[in-house]
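[1] sequence isn't available, so here's the structure alone:
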């Protein structure tokens, strides 16, 4: 897409306006709700009576990503996914994003082109318009701030607070793969440091590495639920790990929950790599994070509508609030669910 | 507002969720268009048939602000203003913002509280809801990314591209003060470095320092234009300096412009401080930036409606595109207008 991959153009050669024009020239406006996109003081949108959904996420180099194994194109793609996932978790349709980037002068224009090519790919695949942004220098490292907008009919909007006791707890896809992908990538980074000529055979790990490097937001799930005529009672996306998200749903809905360990969906690769790393796979699913699957509750009457769907797994049910939140193990033990979600401040402290 | 100003709480003590809860607990939802604010995957808004306006800006420590003379509360306030100014420049009403912050561990929780107290003050004064955000650690420095939303009737929206030849060019307030305020602050920083016991008397500079440290976005101008029944033909906010903004209006509207030097509104303090610093005040107004005034064009038939209004000054008129863009000096010389706007990448290079 961008020519001259081998060249190195300093950011200052283009200037701020030139850089934005340069990086955004392949972005087209396709949404009927986008009246004015990039190029004025602000974008102008019209959602014609639908509810507008807004979410924002910030990704910081050295905290949220490691460029030594994260290609910039993948990073751009993932940064969009992280935001769209939040829109889909409202049971809404993602429509537009704004993209702000701060990059130090160690990044040539060509690096930002790579980053934007991932953003462009994501925006095409997920049918969203890029309608604004800001590009500036930073004194250290790379930072990406994306805000996503979406829309939904008022009656479709699904918050974290509508779950009722006896509702079924459902998860899309499978869990823990993104975390195990990160473990493999970090191990290979150490191997590479020790022996830069090593030629690792990573084919056995391709699924979990892709889940870490190029996750997909579940655009299909709100569409599927609509087709199945299922209105979830509550929903959240799994960015910090299953246990953290279950706690969010329970606290916001003022209910408890029982999750059955044997029901948690795991890809066979996750099970085998957990054995290789000697990590408990249930712990990985509960605390791993970055899966960007959707976790939601439905009324029991809707069970027949989702039963047998390969995208959806019932992993438990909600209870009265005073019953608490528990994992029921394969050995039929009842263990309290605790938050061990990813904490960026702790992580940063650990590195000091 | 926040207790225990003297204490120092590490960011990691609160954790990510705790920190967001802590910092946003004084934010109230007041707008009828805000259905769901902070606390779910996304905010939910409804603009009931109005156009939605979206803009985003990123402020980076060491590039856009210097904490050695910029108090954190002022920084929070200014970061909101920078974004609201873009909404007002669409002739729209600002309604909501999202706030994302990355801070290194050198900032205790109390520092972020100061920052948020400025954001809270701005949101109250400008009647906007804070509906979302993200707070994370950074490996170096402080970064603030704000996205602002607003609304307007479709026929009120004013872009950069509607100016016609013979339209009058109008500016709100006065120009150049923010830039001269920065010159004074940087000079005092050097004085302080040389002699930490110096007690500078800065009262004579209070207006220009306030324009730099605590600018106000021109919320009143779209309201005034509405009251005067004036629909501007094009509009932009002055963030990079008058010349840069005139060029944007001309290029987007495919017209030329004549600006009259004698008409450029300058505060008396700016004139006297420019003499003190031996800088040409016209150059400061043209290239200084950060004034956050509004620059717009109106049809000549609307002149009588704005004539004599102390908030508005006619500084020139638009011409046919082939006549180019010129400053007509007091000596009646015609000088081409060139962009000498603020370029964050050049600035960062200069510092290397």
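    On my side now, so go ahead. Source: prediction; values computed, not measured.
[2] domains in chain A, as residue ranges please.
    A:11-152, A:168-350 (automatic domain parsing).
[3] so residue A:35, which state does it fall into?
    Secondary structure state of residue A:35, per DSSP: H, G, I helix; E, B strand; the rest coil, is strand.
[4] picking up where we left off before, of the domains of chain A, which is nearest residue B:212?
    Closest to residue B:212 of the domains of chain A is domain A:11-152 (CB to CB; 18.7 Å). C-betas here are computed from N, CA, C, even on glycine.
[5] how far does that closest one sit from its chain's centre?
    14 Å (CA atoms, centre = their mean, to the nearest Å).
[6] so which of the domains of chain A is the most packed in?
    domain A:11-152 (a mean of 22; mean count of other CB atoms under 10 Å in any protein chain shown).
[7] so where's the stretch 151-300 of chain A uncertain?
    For the stretch 151-300 of chain A, no stretch has pLDDT under 70.
[8] show me where it has its strands.
    A:168-172, A:234-237, A:255-260, A:294-298 (DSSP state E, counting those that start in this stretch).
[9] okay, helices next: where are they in the stretch 1-150 of chain A?
    A:11-24, A:72-88, A:109-125 (DSSP state H, counting those that start in this stretch).
[10] export the ones you listed to a markdown table and tack on mean pLDDT and distance to chain B?
    A markdown table is the format used below for the helices of the stretch 1-150 of chain A (pLDDT from 0 to 100; distance: least, CB to the nearest CB, whole Å):
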| stretch | mean pLDDT | distance to chain B |
| --- | --- | --- |
| helix A:11-24 | 75 | 4 |
| helix A:72-88 | 97 | 4 |
| helix A:109-125 | 94 | 10 |
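[11] out of the domains of chain A, flag the one nearest residue B:276.
    Between these, domain A:11-152 lies closest to residue B:276; by CB to CB that is 30.4 Å.
[12] ok so, going back, residue B:275: which of the strands of the stretch 151-300 of chain A is closest?
    So among the strands of the stretch 151-300 of chain A, strand A:234-237 is nearest, using CB to CB, at 59.1 Å.
[13] wait, does that closest one contact chain B?
    Yes - applying CB under 8 Å from any CB of the partner chain, one finds strand A:234-237 in contact with chain B at A:235-237.
[14] what's the separation between the residue nearest to the spatial centre of chain A and residue A:159?
    The centre of chain A sits closest to residue A:82, judged by CA atoms, centre = their mean, with a distance of 3.3 Å. Residue A:82 is 19 Å from residue A:159, where distance means CB to CB, to the nearest Å.
[15] residue A:305 too?
    Taking CB to CB, one finds residue A:305 at 21 Å from residue A:159.
[16] what does residue A:329 give?
    Residue A:329 is 30 Å from residue A:159, by CB to CB.
[17] kindly report the same for residue A:281.
    31 Å.
[18] same question, residue A:269
    Taken as CB to CB, the span from residue A:269 to residue A:159 is 34 Å.
[19] again, but for residue A:198
    The value you get for residue A:198 to residue A:159, if CB to CB is used, is 49 Å.
[20] the stretch 151-300 of chain A: helices as residue ranges?
    Under DSSP H, counting those that start in this stretch, the stretch 151-300 of chain A gives helices at A:177-194, A:206-213, A:220-227, A:242-253, A:268-277, A:281-287.
[21] packing partners of the fifth one?
    Going back to what we said before, that points to helix A:268-277. helix A:177-194, helix A:206-213, helix A:281-287 (3 or more CB pairs under 8 Å, 6 or more residues apart in numbering or on different chains; DSSP states H and E).
[22] what's the answer for the shortest one, then?
    With contacts defined as 3+ CB pairs under 8 Å, 6+ apart, the secondary structure elements packing on helix A:281-287 are helix A:177-194, helix A:242-253, helix A:268-277.
[23] now do it: distance to the chain's middle.
    Worked out by CA atoms, centre = their mean, helix A:281-287 lies 17 Å from the chain centre.
[24] got it, and stretch A:209-223?
    7 Å.
[25] now do the end-to-end distance for that stretch.
    27 Å (CA to CA, to the nearest Å).
[26] who touches it?
    A:69-71, A:74, A:77-78, A:81-82, A:84-85, A:88, A:91-94, A:126, A:156, A:172-173, A:177-179, A:181-182, A:184-185, A:202, A:237, A:290-294, A:311 (CB atoms under 8 Å, 6 or more residues apart in numbering or on different chains).
[27] cool, and stretch A:150-158?
    A:33, A:47, A:50-54, A:87, A:89-95, A:222, A:226, A:231-235, A:296, B:35-36, B:42, B:44, B:46.
[28] hmm, back to that, okay, the helices and strands packed on helix A:281-287 in a markdown table with distance to residue B:321 next?
    What follows is these, written out as a markdown table (distance: least, CB to CB, whole Å):
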| stretch | distance to residue B:321 |
| --- | --- |
| helix A:177-194 | 53 |
| helix A:242-253 | 56 |
| helix A:268-277 | 62 |
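[29] does residue A:314 touch residue A:263 like I think?
    Yes - counting by CB atoms under 8 Å, residue A:314 touches residue A:263, with 6.7 Å between them.
[30] pLDDT at the nearest residue to residue A:8 once chain neighbours are set aside, what is it?
    Among residues not flanking residue A:8 along the chain, residue A:108 sits closest, at 4.3 Å (CB to CB, 6 or more residues apart in numbering or on different chains). At residue A:108, the model reports a pLDDT of 90.
[31] for residue A:108, give its distance to chain B.
    Per CB to the nearest CB, to the nearest Å, residue A:108 is found 12 Å from chain B.
[32] now the helices of the stretch 1-150 of chain A as CSV including distance to residue B:64?
    Output for the helices of the stretch 1-150 of chain A, formatted as CSV (distance: least, CB to CB, whole Å):
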stretch, distance to residue B:64
helix A:11-24, 12
helix A:72-88, 21
helix A:109-125, 19
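[33] the ones you listed: which one's closest to residue B:116?
    Closest among these, using CB to CB: helix A:72-88, at 21.7 Å.
[34] does anything pack onto that closest one? Which helices or strands?
    Checked by 3+ CB pairs under 8 Å, 6+ apart, helix A:72-88 has strand A:51-60, strand A:93-103, helix A:109-125, strand A:142-152, strand A:234-237 packed alongside it.
[35] residues in contact with the shortest one: which ones?
    Which is strand A:234-237. Against strand A:234-237 from outside (CB under 8 Å, 6+ apart): A:85-86, A:88-91, A:158-163, A:167, A:217-218, A:245, A:248-249, A:252-253, A:292-297, B:41.
[36] tell me the contacts of the nearest residue in space to residue A:234 that is not next to it in sequence?
    The shortest distance from residue A:234 to any non-neighbouring residue, by CB to CB, 6+ apart, is to residue A:163 (4.0 Å). Applying CB under 8 Å, 6+ apart to residue A:163 gives the contacts A:233-234, A:249-250, A:253, A:255, A:297, A:318.
[37] of these, closest to chain B?
    Using CB to the nearest CB, residue A:234 is the member of the contacts of residue A:163 that sits closest to chain B, with 9.8 Å.
[38] roughly how far apart are that closest one and residue A:245?
    For residue A:234 relative to residue A:245 (CB to CB), the value is 11 Å.
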